[in-house]
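Undergrad: Got a predicted model here, sequence first, then my questions.
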Amino acid sequence: MRGGNENVSSQLDVAIVLAAGEGTRMKSQTPKVLHPIAGKTIIAHVLDQVKELKAKEVRVVVGHARELVEPEVKSVAPAANTVFQSERNGTGHAVQLALADLKATGTVLILAGDTPLLRSETLAEFIKAHADSNNLVSVLTSQVPDPSGYGRIVRDETGSIVAIVEERDASEEIQLIDEINTGVYLFDIAALRESVAKLKTDNSQGELYLTDVIADLKANTGKAAAILSYDYTETLGINDRSQLAECAAIMRDRINDQHMKAGVTIIDPTTTWIDSTVKIESDVTIHPSCALFGTTTIATQAIIGPRTTLNNVIVGKGASVIESNCTDSEIGSQSKVGPYTFLRAGTKLAANSKAGAYVEIKNSTVGEGSKVPHLSYVGDATIGSGTNIGAATVFVNYDGVEKHRTEIGNEVRIGSDTMLVAPVIVGDGAYTAAGSIITENVPAGAIGVARAKQRNILGWVLRKRSGTKSADAAAKAGATEEQGS
């Protein structure tokens with residue numbers, strides 16, 4: 001089954017998403033449908049695809065952790081209405097509640113809230129096949145390598161669907177069937193309303209099964225069809241952490257494939273994880289073991305990785321970020337970051353700037369062409385253009401109570417191992433001497449020197465460390481104890 005979503009809006013009247021389950025097999029305090037996958041919650045993926053179908057009304061049945069699930073539903077699909085299922089008495093009961101005050105007629109799509117891999121294109125083709133065949137009910141099915149845990153599709157000798165049998169109620173013969181119910185249905189609303197009202201709890205779970213509606217409608221000469229999906233991975237649901245990881249890996253491969261087809265080079269797709277919310281231009285190269293999260297955007301010709309994590313980061317054209325961890329930051333065009341660099345929230349690197357090896361920057365702006373090459377911490381600072389920050393420099397921004405800012409001008413040269421004790425200003429063109437502790441402003445064009453005069457105590461090693469290798473080496477070089485007396 002393949003196709004697009006042309007004219008779907010005229011064929012779909014209502015969509016019902018079932019998201020009331022407790023998800024006990026997840027063994028988590030987080031509701032199952034709120035677990036993240038590729039930058040969105042599970043239910044957000046489902047609702048985003050449902051929105052593409054342009055149903056006239058969307059209803060989401062919620063239950064467990066309602067106070068957490070409902071805000072997510074409203075955030076993703078503001079027009080959707082939620083229906084509360086206080087007692088989880090099965091999918092049939094959930095649909096009864098969703099239909100209770102529904103005045104719409106026509107076609108209703110019902111699907112689970114834990115199937116994040118379903119595409120709107122597949123659903124659209126399913127809707128089209130249902131409408132073209134004038135079915136009263138259609139079930140989306142899949143043939144899977146391991147059908148364990150799923151309801152089985154039972155067909156007659158003509159290939160028509162007879163019933164859906166839940167695994168707990170299935171005979172050994174039926175359990176051998178590899179065609180499973182995906183939990184995606186299309187019904188005529190009037191027929192569904194009449195049939196679902198007749199459901200009974202005479203099954204191993206003591207619940208109202210929506211699947212029993214199929215046999216009821218079929219028995220009453222309703223036209224029913226089981227429509228096979230061409231890609232079973234789309235219909236995979238999530239019930240535990242193992243299935244979450246399986247779906248995440250499929251989503252990863254799908255996202256990476258889309259980027260590569262759009263002109264992005266991904267050296268090792270199996271170790272590259274990219275959220276569905278990330279945007280990457282063509283001619284970007286991503287090396288192995290990278291993770292790109294959130295609202296990250298990467299401009300053309302940039303080089304990312306290896307072993308780099310970006311979370312809500314803007315990377316400019318031609319920039320490179322190597323073996324680094326960056327979050328909520330901006331990296332200007334042609335800038336260089338890494339290796340082993342940590343860019344924290346609020347960092348902004350202008351074009352052609354550098355944050356080199358073992359550098360941490362937080363809530364700071366580094367001007368165009370400026371460099372923080374290595375072994376430094378820059379916190380709560382503004383650095384002008386063309387400035388160089390020497391190795392092992394620390395911007396001392398915290399006095400134990402409050403944070404303070406440091407301002408560094410244009411074309412400044414900060415000597416290695418300088419402590420800049422905020423609040424402090426270093427003017428344009430100024431220098432600081434290596435090893436200085438700068439506590440006062442340095443005017444433009446001046447050099448700040450804040451260190452004690454060096455004093456050499458001659459003969460000290462021979463007197464205080466006699467018998468050591470250092471003393472032997474000093475003696476061979478001509479040192480004597482009397483030198484220091």
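TA: Great, that's in hand. Residues are numbered from 1 along each chain as shown.
Undergrad: Check which residues of stretch 210-221 are buried.
TA: Counting neighbours by 16 or more other Cβ atoms under 10 Å, one finds that the buried residues in stretch 210-221 are L210, T211, D212, V213, I214, A215, D216, L217, K218. All C-beta atoms are positioned from the backbone trio N, CA, C, and that covers glycine.
Undergrad: Among these, name the ones in helices.
TA: Counted as lying in helices by DSSP state H, out of the buried residues of stretch 210-221, are D212, V213, I214, A215, D216, L217, K218.
Undergrad: Isn't the fifth one up against S195?
TA: This means D216. Yes: look at D216 against S195 with Cβ atoms under 8 Å: they come within range, at 4.8 Å.
Undergrad: of all the buried residues of stretch 210-221, which two lie farthest apart?
TA: Using Cβ to Cβ, the two most remote members of the buried residues of stretch 210-221 are L210 and K218, lying 14.1 Å apart.
Undergrad: about what we covered before: ok, of the ones in helices among the buried residues of stretch 210-221, which one's closest to V284?
TA: Among these, I214 lies closest to V284 (Cβ to Cβ), at 48.3 Å.
Undergrad: Quick check: mean pLDDT of stretch 253-261?
TA: The pLDDT scores in stretch 253-261 average 98.
Undergrad: which parts of it are buried?
TA: Going by 16+ other Cβ under 10 Å, stretch 253-261 has these buried residues: I255, N256, H259.
Undergrad: again with stretch 58-73
TA: Under the neighbour-count criterion of 16+ other Cβ under 10 Å, stretch 58-73 has 58-66, 69-70, 72-73 buried.
Undergrad: And for stretch 446-457?
TA: G448, A450.
Undergrad: Assumed V61 was part of a strand.
TA: Yes: counting by DSSP: H, G, I helix; E, B strand; the rest coil, V61 is found in a strand.
Undergrad: For it, list each beta-bridge partner.
TA: Applying DSSP bridges to V61 yields these beta-bridge partners: L18, V83.
Undergrad: Tell me how far the one helix or strand in the chain whose mean pLDDT sits lowest lies from the chain's centre.
TA: Comparing helices and strands within the chain by mean pLDDT, DSSP states H and E singles out helix 212-219 as the least confident, with a mean of 85. Helix 212-219 sits 41 Å away from the centroid of its parent chain (Cα atoms, centre = their mean, to the nearest Å).
Undergrad: any idea which helix or strand comes after the longest helix seen in the chain?
TA: Secondary structure of the chain read by DSSP H shows that its longest helix is helix 241-261. The element immediately downstream of helix 241-261 (helix or strand, assigned by DSSP states H and E) is strand 265-266.
Undergrad: Run me through the strand neighbours of that following strand, direction for each.
TA: In the sheet, strand 265-266 lines up with strand 285-286 (parallel) (DSSP bridges).
Undergrad: tell me the helices in this structure, going along the chain?
TA: Here the chain has its helices, by DSSP H, at 42-51, 66-76, 91-99, 120-132, 172-175, 189-196, 212-219, 241-261, 460-464, 469-476.
Undergrad: Now do the last one: which elements does it pack against?
TA: When contacts are defined as 3 or more Cβ pairs under 8 Å, 6 or more residues apart in numbering; DSSP states H and E, helix 469-476 packs onto helix 460-464.
Undergrad: what about the helix it packs on, average pLDDT?
TA: For helix 460-464, the mean per-residue pLDDT is 94.
Undergrad: Which of the residues in that helix are classified as buried?
TA: The neighbour-count check on helix 460-464 (16+ other Cβ under 10 Å) flags V461, L462, R463 as buried.
Undergrad: Kindly report the same for stretch 287-300.
TA: Along stretch 287-300, the positions that meet the burial threshold by neighbour count (16+ other Cβ under 10 Å) are H287, S289, C290, A291, L292, F293, T296, T297, I298, A299.
Undergrad: low-confidence ranges in the stretch 1-150 of the chain?
TA: Within the stretch 1-150 of the chain, the segments meeting pLDDT under 70 span 1-10.
Undergrad: ok, now with 90
TA: Of all residues in the stretch 1-150 of the chain, those with pLDDT under 90 make up the ranges 1-11, 22, 88, 148-150.
Undergrad: thinking again about what came up before, quick one: which of the buried residues of helix 460-464 is nearest I153?
TA: Nearest to I153 among the buried residues of helix 460-464: V461, at 87.7 Å, using Cβ to Cβ.
Undergrad: wait, the closest one sits on A471?
TA: Yes: taking Cβ under 8 Å as the contact criterion, V461 and A471 are neighbours in contact, 5.4 Å apart.
Undergrad: Give me the contacts around the longest helix of the chain.
TA: Contacts of helix 241-261 with the rest of the structure, by Cβ atoms under 8 Å, 6 or more residues apart in numbering, involve 26-27, 35, 37-38, 116-117, 233, 236-238, 266, 269, 272-276, 280.
Undergrad: which residues touch D283?
TA: G263, V264, T265, T300, Q301.
Undergrad: Tell me how far the first one lies from E22.
TA: Looking back up the chat, that one is G263. According to Cβ to Cβ, to the nearest Å, G263 stands 44 Å off from E22.
Undergrad: buried subset of the contacts of helix 241-261?
TA: In terms of neighbour count (16+ other Cβ under 10 Å), the buried residues within the contacts of helix 241-261 are 26, 35, 37-38, 116-117, 236-238, 266, 269, 272-276, 280.
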